[in-house]
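*Asks:* Quick one: sequence plus predicted model below, questions after.
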Amino acid sequence: DIQMTQSPASLSASLGETVTIQCQASEDIYSGLAWYQQKPGKSPQLLIYGASSLQDGVPSRFSGSGSGTQYSLKISSMQTEDEGVYFCQQGLKYPLTFGSGTKLEIK
Amino acid sequence: QVTLKESGPGILQPSQTLSLTCTFSGFSLSTYGMGVGWIRQPSGKGLEWLANIWWDDDKYYNPSLKNRLTISKDTSNNQAFLKITNVDTADTATYYCARFNNSYVMDAWGQGASVTVSS
């Protein structure tokens, strides 16, 4: 199985601050990576796919980058509504696997 | 508008079979490239992909659950199903179904169904 390692496990950011979350795959996943946001008590929602493509309706302050085994999600200006848990997911091979999540809070 | 909704028993006892239903709208599982998958999340923990079924009836399972999973679909009624046999307390979780649209990406999710396994 492809292991997805996310960091940090948690972080707090001030309003307007830039936030970066990292995701490392145990092997090259050729940009087959998605990012999801999960707010408390809600289901996950797709933010980014193909490592860098923004899902329709997602604010442009979210962006994804990376290649090979290293990927990142950036929030360019932290907003209150961005609080939640963020997961990466690889789609190169079955079984599909997720990172363990990054909990993002407002400072 | 794509919507999905999970339904299940809520509570069941160890060794029983868990049966889940995903009822969806806004797309068809007879359309090329469409798929529905199941993902679960124990309270306060991460996400675990369980199984996928595709428009052509192709199926994929998470080997970590060995032979306990069976996924199926009813295209006419816009439903997908998941059965997990011989459940135990480790299967206690919120179970989500999600749409897969031509790829590995889960672009729409249901609200989740809470399942508790307890004697």
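*Replies:* Cool, got the structure.

*Asks:* Show me which residues of chain A sit near chain B.
*Replies:* Selection of chain A residues close to chain B by CB under 8 Å from any CB of the partner chain yields A:32, A:34, A:36, A:42-46, A:49-50, A:55, A:87, A:89-92, A:94-101. (C-beta placed from N, C-alpha, C; glycine too.)

*Asks:* Among those, name the ones in strands.
*Replies:* A:34, A:36, A:45, A:46, A:49, A:87, A:89, A:90, A:97, A:98 (DSSP state E).

*Asks:* Which one of the residues you listed is nearest to residue B:91?
*Replies:* Residue B:91 lies nearest to residue A:98 out of those, by CB to CB, at 17.8 Å.

*Asks:* And the residue lying closest to the closest one once chain neighbours are set aside, what's its pLDDT?
*Replies:* If the residues on either side of it in the chain are set aside, residue A:98 comes closest to residue B:47, at 4.4 Å by CB to CB, 6 or more residues apart in numbering or on different chains. Note for residue B:47: predicted pLDDT of 98.

*Asks:* Isn't residue B:47 up against residue B:38?
*Replies:* No - using CB atoms under 8 Å, residue B:47 is not in contact with residue B:38, being 11.1 Å away.

*Asks:* Mind checking which of the residues of chain A next to chain B are buried?
*Replies:* A:32, A:34, A:36, A:43-46, A:49, A:55, A:87, A:89-92, A:94-101 (16 or more other CB atoms under 10 Å in any protein chain shown).

*Asks:* Next, the residue of chain B found nearest chain A: phi, psi?
*Replies:* Residue of chain B nearest chain A, by CB to the nearest CB: residue B:104 (2.4 Å). With angles defined as degrees, to the nearest 10, residue B:104 sits at phi -80, psi 0.
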